[in-house]
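Chemist: Task: produce atomic coordinates for the following.
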Amino acid sequence: MDLLQITMAIVFWAFFGLLFYSYIVFSVLIWLLAKWFGRQNGQPQISSNPPSISLLIAAYNEEAVIEKRIQNALAMDYPPDKLEIVVASDGSSDATSDIVRNYAGRGVKLLDFSDRRGKAAVLNSAIGELNGAIVLLSDANTLIDPCAAQKLVRWFQDPKVGMVCGRLVLTDSHTGKNTDGLYWQYETFLKQCEGRLGALLGANGAIYAIRKELYSPIPNDTIIDDFVIPLLAKLRTDRAIVYECEAVAREETAPDLRSEFRRRSRIGAGGFQSIGVLWNLLHPRHGWVAFTYLSHKILRWLGPFFMIGMLISSVILMDMPLYRWLLLGQIGFYGISIAGHFVPTRIKPLRLVRLITLFTGMNLALLVGFWRWMRGSQKAAWSRTARFAEAAGVNGTMR
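Modeler: Numbers count the residues shown, from 1 in each chain. Predicted structure coming up:
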């Protein structure tokens, strides 16, 4: 082997090793670490004197779902005198604000911002208007279980806890049934392990709570606020981020692959953007958080480049039998991922094919997200994700 071949062989196996580590080895490691060093005690008891909370829902053109969301909020099992419900409208041009005003007599407060600025700017402006000691953030297209708020805030009895993240359950837009796939179950498992280890990264935008005093304004161009807000607070205060699996929120999945791809590429752009704000989390003084941030996030976001590097290096080395077979294997893998677009999801033996499609599609979305971040073309303002209601002739929700 000449120098070029040696270099390309190192590149191939290094990239393969990093990819394998980030998806497989890390999963085993985080499970073992959580088992050995993680929190062993269960959840605290629900307090008989819970703190005041403000449920904040940022919305843009949500007329299709906002009334149902408000009714869901009003049905929360929480002392009414300690619950504030606030909808912050980001320059909505439909009937969203009018629908919210109809509930003013039931204590629902509207913050009607005339200009559309994006969710980060809306949150920055809205937080100061809230009265609760705890801010519960949620989305307009999310429905939370009645007891979810109680399950979240019980953790704040511990002054070391700064934020609590609930569990998001994905439902089918047509049937309403649980559609948590293998990959989502895998990600939920990682959250549980990271939560036990005190190394949870970010939150589910659908349902998480933070002490109001810990909120610090985020850049107005922030794309994934539910990732940046908790971790910025973690950087400033070192307060714990807890995962509460019994506080459940339900949200419809995107109705088609295109919508899901657009959502994932937006998250990818936001991930790369957030590195500039949160890079200090990689410092060893942050302990397990530094470990999970590198392993679960940074290496995942770099996954598309590892895959491209593996493909290029194996092409250069294709004169060697081993790398010729590895090249054919990669081509076959991507061929299967394309075929997965046409495989019915109801056929269980073929779900592995769909998982391969999800894996490659997710990494392609990350690559597109990186390009959009580099170009500055990914805006912080919501982009429409149509849901079942829109398919029926009503405007959809925003992500």
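Chemist: what number of residues lie near the closest residue in space to residue 149 that isn't next to it in sequence?
Modeler: Spatial nearest neighbour of residue 149, excluding adjacent residues (Cβ to Cβ, 6 or more residues apart in numbering): residue 78 at 4.8 Å. Where you see a C-beta, it was placed from the backbone N, CA and C, and this is true even at glycine. Residue 78: 20 surrounding residues under other Cβ atoms under 10 Å.
Chemist: What score does residue 78 have for pLDDT?
Modeler: If you check residue 78, the pLDDT there is 96.
Chemist: Kindly report the same for the one 4 residues further on.
Modeler: pLDDT for residue 82: 96.
Chemist: Residue 76 versus that one, what's the distance?
Modeler: Using Cβ to Cβ, to the nearest Å, one obtains 11 Å as the distance from residue 82 to residue 76.
Chemist: now do residue 269
Modeler: 33 Å.
Chemist: Give me the more crowded residue out of those two.
Modeler: Legend: neighbour count by other Cβ under 10 Å for residue 269 and residue 76, higher for residue 269 (27 against 20).
Chemist: mind listing what the closest residue to residue 291 other than its chain neighbours touches?
Modeler: Closest residue to residue 291 apart from its sequence neighbours, by Cβ to Cβ, 6+ apart: residue 199 at 6.7 Å. Counting by Cβ atoms under 8 Å, 6 or more residues apart in numbering, residue 199 makes contact with 287, 288, 289, 291, 292.
Chemist: and those, which are buried?
Modeler: 288, 289, 291, 292 (16 or more other Cβ atoms under 10 Å).
Chemist: Adding distance to residue 325, pLDDT and secondary structure, write those residues out as a markdown table.
Modeler: Formatted as a markdown table, those follow (distance: Cβ to Cβ, whole Å; pLDDT from 0 to 100; DSSP: H, G, I helix; E, B strand; the rest coil):
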| residue | distance to residue 325 | pLDDT | secondary structure |
| --- | --- | --- | --- |
| 288 | 39 | 95 | helix |
| 289 | 40 | 95 | helix |
| 291 | 34 | 96 | helix |
| 292 | 35 | 96 | helix |
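Chemist: If we only consider those residues, which is nearest to residue 211?
Modeler: residue 289 (18.2 Å; Cβ to Cβ).
Chemist: and the residue nearest the centre of the chain, which of the three is it?
Modeler: By Cα atoms, centre = their mean, the chain has its centre lying nearest to residue 204, at 5.0 Å. Three-state call for residue 204 (DSSP: H, G, I helix; E, B strand; the rest coil): coil.
Chemist: Likewise for the one 5 residues further on?
Modeler: Remark: residue 209 carries the secondary structure label strand [criterion: three-state DSSP].
Chemist: and the gap between it and residue 98?
Modeler: 29 Å.
Chemist: just residue 282 next, same as before
Modeler: Distance from residue 282 to residue 98, by Cβ to Cβ: 47 Å.
Chemist: same deal with residue 183?
Modeler: 39 Å.
Chemist: just residue 238 next, same as before
Modeler: For residue 238, the distance to residue 98 equals 44 Å [Cβ to Cβ].
Chemist: cool, and residue 62?
Modeler: 12 Å.
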